[in-house]
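Visitor: Build me a model from this:
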Amino acid sequence: QVQLVESGGGLVQTGGSLRLSCTASGRTFSSNVMGWFRQAPGKEREFVAAISRRGGSTYYADSVKGRFTISRDNAKNTGNLQMTSLKPEDTAVYYCAAQNGGNYASARSYDYWGQGTQVTVSS
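Guide: Numbering: from 1, shown residues only. Sure thing, here's the model as predicted:
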């Protein structure tokens, strides 16, 4: 089992930045691919970014490419999502997730989820 806790959400103006963190506990975090997803009211949960087990490969949704950066520190069992140039359409609850394997962009492939953190971007 892996327990995940997100932090760092909040309210920011358009064009601003936020850094989300995900702290993992339980089994070895480095054995999992880590991803970030988001869910806006009335919408399905969508893929944002993912990072491979050792951090050598990263993947992004087209909507955030060039603005968001995913990273991880396996020694500290943490992952981060640096978000810049935020837009109102980025407003959502952001979830950290970990998977043992599968499609990194599919929520159904993830085995462990955090409780989510709210990000609100005002116009």
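
Visitor: give the contact list for Tyr54.
Guide: That one is not Tyr; residue 54 is Arg. Contacts for Arg54 (C-beta atoms under 8 Å, 6 or more residues apart in numbering) come out as Ser30, Asn74. In short, each C-beta sits where N, CA and C put it, glycine included.

Visitor: That one should be in a strand, yeah?
Guide: No - with DSSP: H, G, I helix; E, B strand; the rest coil as the criterion, Arg54 is assigned coil and is not in a strand.

Visitor: So for it, what's the pLDDT?
Guide: Confidence per residue is given as pLDDT, and for Arg54 that number is 94.

Visitor: Report how many residues lie close to the nearest residue to Gly116 once chain neighbours are set aside.
Guide: In space, and not counting its chain neighbours, Gly116 is closest to Val93: 4.2 Å by C-beta to C-beta, 6 or more residues apart in numbering. When neighbours are counted by other C-beta atoms under 10 Å, Val93 registers 18.

Visitor: Ser71 versus Val93, what's the distance?
Guide: Distance from Val93 to Ser71, counting by C-beta to C-beta, to the nearest Å: 21 Å.

Visitor: re earlier: give the full set of residues in contact with the residue nearest to Gly116.
Guide: Here Val93 is in contact with Arg38, Gln39, Ala40, Gly116, Thr117, Gln118, Val119 (criterion: C-beta under 8 Å, 6+ apart).

Visitor: 10 Å instead, please
Guide: 6, 9, 37-41, 45, 115-120 (C-beta atoms under 10 Å, 6 or more residues apart in numbering).
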